[in-house]
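**Student:** with the sequence up front, the predicted model follows.
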Amino acid sequence: MIRSLFLASCLAMAGTAAAQEQAAPAPAPQGEAPAAATPAAAAAPAAVTGDAARGRQLTYTCQGCHGVTGYKNAYPNYHVPKIGGQAAAYLVNALTEYQQGNRRHPTMQAQAESFSAQDIADIAAYLSSVK
């Protein structure tokens, strides 16, 4: 069992390394500017604008924990924070960190993994407008 897991992890790592090599840009010939210096490569992705009306629809499950004053979940020492009225940037950052696994809470990670960047922007737009 352990041998097969080890073999599987080695194969996965080899596949990742091969994919990274294929994705790596070829070095620029001498005398030419690197590809990152071109205007198209330097352009940053456009920021996603949130739609508060759509965000309101997406937050129906949030109310089960975050909408109850003084609610404590299955982790007895963990107080569920109030998210209505939080800054949109904070909410986007928090949901993205849950989505990427940088913040750890099983329920929040499961919720955030199902959201697109547009969903997160919409949720943040709505929740930041709640008083």
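**Tutor:** Yep, it's here.
**Student:** burial measure for the nearest residue to Ser129 once chain neighbours are set aside, as a count.
**Tutor:** Of all residues not flanking Ser129 in the chain, Ala52 sits nearest, at 5.3 Å (C-beta to C-beta, 6 or more residues apart in numbering). From N, CA and C alone the C-beta is placed, and that goes for glycine too. By other C-beta atoms under 10 Å, the residues close to Ala52 number 17.
**Student:** just checking, Ala52 touches Tyr126?
**Tutor:** Yes: the criterion here is C-beta atoms under 8 Å, and Ala52 meets it with Tyr126 at 4.4 Å.
**Student:** hang on, the earlier thing: who are the contact partners of the residue nearest to Ser129?
**Tutor:** Asp122, Ala125, Tyr126, Ser129 (C-beta atoms under 8 Å, 6 or more residues apart in numbering).
**Student:** now, the residues you listed that are in helices?
**Tutor:** Among the contacts of Ala52, DSSP state H puts Asp122, Ala125, Tyr126, Ser129 in helices.
**Student:** thought the second one was touching Gly50?
**Tutor:** So the one you mean is Ala125. Yes: in this structure, Ala125 is within contact of Gly50 by C-beta under 8 Å, at 2.9 Å.
**Student:** quick check: neighbours shared by the two?
**Tutor:** Ala88.
**Student:** show the pLDDT at the nearest residue to Ser128 once chain neighbours are set aside.
**Tutor:** Nearest residue to Ser128, sequence neighbours excluded (C-beta to C-beta, 6+ apart): Ala88, at 4.0 Å. In this model, Ala88 is scored at 96, pLDDT.
**Student:** what's the distance between Ala88 and Asn102?
**Tutor:** 19 Å (C-beta to C-beta, to the nearest Å).
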